[in-house]
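Colleague: Can you look at this prediction? I've put the sequence above it.
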Amino acid sequence: MHSSALHIKHCHPERLVPDELSRFGKQLYNDHAARYNFAKKYIKNKKVLDIACGSGYGSLLMMKAKPYSITAVDNS
């Protein structure tokens, strides 16, 4: 595999699996989690659509805000 492809595979900022993070990835996870935590303020008792959710960890984080429902969709 080409070295740049390896870099993209392991560092792509839009595809995270929290249990598989390196030290670098943990900061990236914290950045993503901050966005979901921001959204949690607005979703109580709402229907939520999480598009391009990847592994779905963000939908799980948002469940703590007690939305009416969350539908998580990803093409991969």
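Modeller: Cool, the structure landed. Numbering: from 1, shown residues only.
Colleague: The helix or strand harbouring Y36 packs against which elements?
Modeller: Element membership of Y36, judged by DSSP states H and E, is helix 23-40. Counting contacts by 3 or more C-beta pairs under 8 Å, 6 or more residues apart in numbering; DSSP states H and E, helix 23-40 is packed against helix 57-63. The C-beta positions use only the backbone N, C-alpha and C, and glycine is treated the same way.
Colleague: tell me the contacts of M63?
Modeller: Counting by C-beta atoms under 8 Å, 6 or more residues apart in numbering, M63 touches I70.
Colleague: Quick check: what element follows the helix holding Y36 along the chain?
Modeller: Past helix 23-40, the next helix or strand by DSSP H and E is strand 47-51.
Colleague: Around the closest residue in space to S76 that isn't next to it in sequence, how many other residues sit close by?
Modeller: Leaving aside its chain neighbours, S76 sits nearest to G54 (7.4 Å; criterion: C-beta to C-beta, 6 or more residues apart in numbering). By other C-beta atoms under 10 Å, 16 other residues sit near G54.
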